[in-house]
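In: quick one, what's the 3D model for this:
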Amino acid sequence: MNANRILLILDHRANRRLLSDSLSDRYEVSLYENQASLDQPFDLGIIDGLALDHLQQHVLRRKQIEQPAFLPFLLVTTKKDVGMATRHLWKSIDEIIVTPIQKLELAARVSSLLKTRQISLEFTRKIVHYSPNAFLLVDQHEIIRLWNKAAESIFGWEANELVGRKIDDLSIAEIFTQMTGMIKQVLSGDGSAWKEISGITRQCERCTLSVTALPLFDDESRISHALVVIEDITQIKAAQEQLAAINEDLETKIKERTEELITTNQELEAFARTVSHDLRAPLRAIMGFSQALREDYVQSLDEDGQKMFARIEKNAMHMNQLIDDLMRLSRYNRMEVNYQRVDLSEIARSIVEDLQASQPERQVDIQIQPNLIAYGDKGLLTVLIDNLFNNAWKFTSAKSQGRIDFFLQEIDGENVFTIQDNGIGFDMTYADKLFGVFQRLHPAESYSGTGIGLATVKRIILRHGGKVWAAAKVNEGAVFYFTLPEKKEDQ
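Out: Down below sits the predicted model:
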């Protein structure tokens, strides 16, 4: 005989006798007596329309209790009632068989529904059995009814050692006994419970568990079992502790580094002020005496003497310019960045007008894309654009027809401002020196400057949280790229 159990819930006496005789030789068949019959274990319910009319809610509740497993119900109905019976399909019933009942059809329907039932039971069993989380089921008598593979792995005891035993009778791992209070709380009706517990398992390993205990109810809404779901979070907690330690160490290092940077910047600012003060006094003296010599004695010098005198004056002025640029660079480090909408195209056009006015003989084709809008400090961004355009203007001076373009393009999904020229370019081998203070890639005799302009550009970009880089080929021009932050919410 097949171990599957069938419950016949039939008011029609002839159908009850027919089905009982047809199925008893293959299955364990029982007859419905009262509502308690629906609480007994069975694998298939066969019901007729009269019984379904007054037992529908009980059938639905029993099916819900079985979930996620599938508990099928087969409805026996007459041909004339088929239309009415279909409204119950996929709710309280799962299949319909029409009278007069044909034994072959009955056997096929019963076999199909029982096979689906067994598949769902196996599926549910495997979900619980092989879940990475431990599952425990404890009944109202505090007896363990389920102990899955994950529970065996976590605690070190196999199911055959514990299932059927009371939780208070077990002197297993101390970590398990921490859960008994939660289980009793749930079974007594005090609601669900959750907590993290730590302890030693049977394998003498320390672990940390996240434990949730939930009540399960019978068809009369009484608590029948406590379901305990356990997640081993030992590695998660260890990773969190390690991450916390790393963050604490990182915060300490950041604080130390920040203090070092503040101290260094203060020292640099003090150094810049000292250099400015200490150098300007003798420099002013040199320039003053040079002016007096030029006015009173330059005519008495021969040609070589006049050249040396001119070199002294030129270098004194260059030194003065260096001091001015260093002080400006130092100020850019301290200036507060006041974000606002800035039209870089308008700034560039104003700078170009000054450059063209200073050297009207130059032939330079300058193209500026209109409406290049950025968000940043207008004063600092003006210095930025001024340095980059002066740079391009200077290094296109050897070209009979220079060209400078200022435009916006997208690179790797990011908006990038670009200033491109067809000047003398530079060797990319030395590109890492390009934005350094006093770094020059071209001789000072050919191209004037202090070597601070591009250092200033980088400093301003970094103050805005952007990036700046360059690319070039010797005698083919250079391209400078920079990014600025998008508009902020409060701007």
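In: so where do the helices sit in the protein?
Out: Secondary structure of the chain (DSSP state H): helices at 13-23, 49-66, 82-85, 103-129, 149-155, 159-162, 174-187, 234-296, 303-334, 344-358, 378-395, 453-463.
In: just put these in JSON lines and tack on distance to residue 408 and mean neighbour count.
Out: For glycine as for every other residue, the C-beta is placed from the backbone atoms N, C-alpha and C. Shown next, in JSON lines, are those (distance: least, Cβ to Cβ, whole Å; neighbours: other Cβ atoms under 10 Å):
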{"stretch": "helix 13-23", "distance to residue 408": "81", "mean neighbour count": "16"}
{"stretch": "helix 49-66", "distance to residue 408": "62", "mean neighbour count": "16"}
{"stretch": "helix 82-85", "distance to residue 408": "70", "mean neighbour count": "12"}
{"stretch": "helix 103-129", "distance to residue 408": "56", "mean neighbour count": "15"}
{"stretch": "helix 149-155", "distance to residue 408": "57", "mean neighbour count": "19"}
{"stretch": "helix 159-162", "distance to residue 408": "68", "mean neighbour count": "15"}
{"stretch": "helix 174-187", "distance to residue 408": "62", "mean neighbour count": "18"}
{"stretch": "helix 234-296", "distance to residue 408": "33", "mean neighbour count": "12"}
{"stretch": "helix 303-334", "distance to residue 408": "24", "mean neighbour count": "14"}
{"stretch": "helix 344-358", "distance to residue 408": "9", "mean neighbour count": "16"}
{"stretch": "helix 378-395", "distance to residue 408": "13", "mean neighbour count": "21"}
{"stretch": "helix 453-463", "distance to residue 408": "15", "mean neighbour count": "21"}
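In: so which of the ones you listed is nearest residue 478?
Out: The closest of those to residue 478 is helix 378-395. By Cβ to Cβ, the value is 7.0 Å.
In: the inter-axis angle of that closest one versus helix 344-358?
Out: 50 degrees (axes from the mean of the first three to the mean of the last three Cα atoms, to 10 degrees).
In: how far is helix 378-395 from where the chain is centred?
Out: Here helix 378-395 is found 38 Å from its chain centre; the criterion is Cα atoms, centre = their mean, to the nearest Å.
In: now do that helix, average pLDDT.
Out: Model confidence over helix 378-395 averages 88 on the pLDDT scale.
In: could you do stretch 38-56 as well?
Out: 88.
In: quick one: terminal-to-terminal distance for that stretch?
Out: Start-to-end span of stretch 38-56 (Cα to Cα, to the nearest Å) is 11 Å.
In: tell me which of the helices of the chain lies nearest to residue 32.
Out: Taking Cβ to Cβ, helix 49-66 is the member of the helices of the chain nearest to residue 32, at 7.2 Å.
In: and for that closest one, what's in contact with it?
Out: Under the criterion Cβ atoms under 8 Å, 6 or more residues apart in numbering, residues 9-12, 32, 35, 38-39, 45, 47, 71, 73, 75-78, 81, 84-85, 88, 91-93, 218-219 lie in contact with helix 49-66.
In: if we can go back for a sec, which of the helices of the chain has the lowest average pLDDT?
Out: Note on the helices of the chain: helix 82-85 shows the lowest mean pLDDT, a mean of 62.
In: what's the closest of the helices of the chain to residue 142?
Out: Nearest to residue 142 among the helices of the chain is helix 174-187; the distance by Cβ to Cβ comes to 6.8 Å.
In: check which helices and strands the closest one is in contact with.
Out: strand 134-139, strand 193-200, strand 206-217, strand 223-232 (3 or more Cβ pairs under 8 Å, 6 or more residues apart in numbering; DSSP states H and E).
In: mind running it again at 10 Å?
Out: strand 134-139, helix 149-155, strand 193-200, strand 206-217, strand 223-232 (3 or more Cβ pairs under 10 Å, 6 or more residues apart in numbering; DSSP states H and E).
In: give me the angle between the third one and strand 223-232.
Out: Strand 193-200 and strand 223-232 are oriented at 50 degrees to each other (the same axes, to 10 degrees).
In: run the chain-centre distance for strand 193-200.
Out: Put simply, strand 193-200 sits 29 Å off its chain's centre (Cα atoms, centre = their mean).
In: neighbouring strands for it, and are they parallel or not?
Out: Strand 193-200 has the following sheet partners, assigned by DSSP bridges: strand 206-217 (antiparallel).
In: show me what counts as buried in the partner strand.
Out: Within strand 206-217, the residues scored as buried using 16 or more other Cβ atoms under 10 Å are 207-213, 215.
In: dump the C-alpha coordinates for that strand into PDB.
Out: C-alpha atoms of strand 206-217 as PDB (Å, rounded to 0.1, in the frame of the first residue of the first chain):
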ATOM      1  CA  ARG A 206      33.900  30.500  19.600                       C
ATOM      2  CA  CYS A 207      31.200  31.800  17.400                       C
ATOM      3  CA  THR A 208      28.600  34.700  17.400                       C
ATOM      4  CA  LEU A 209      25.100  33.900  16.300                       C
ATOM      5  CA  SER A 210      22.100  36.100  15.300                       C
ATOM      6  CA  VAL A 211      19.100  34.200  16.700                       C
ATOM      7  CA  THR A 212      15.400  34.900  15.900                       C
ATOM      8  CA  ALA A 213      12.600  32.900  17.600                       C
ATOM      9  CA  LEU A 214       9.100  33.100  16.000                       C
ATOM     10  CA  PRO A 215       5.800  31.600  17.000                       C
ATOM     11  CA  LEU A 216       3.900  29.300  14.700                       C
ATOM     12  CA  PHE A 217       0.100  28.900  15.100                       C
END
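In: distance to residue 100 added to the helices and strands packed on helix 174-187, as CSV?
Out: Listed next are these as CSV, based on distance: least, Cβ to Cβ, whole Å:
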stretch, distance to residue 100
strand 134-139, 44
helix 149-155, 49
strand 193-200, 56
strand 206-217, 41
strand 223-232, 41
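In: residue 319: which of the ones you listed is closest?
Out: Nearest of the helices and strands packed on helix 174-187 (Cβ to Cβ): strand 206-217, 68.1 Å.
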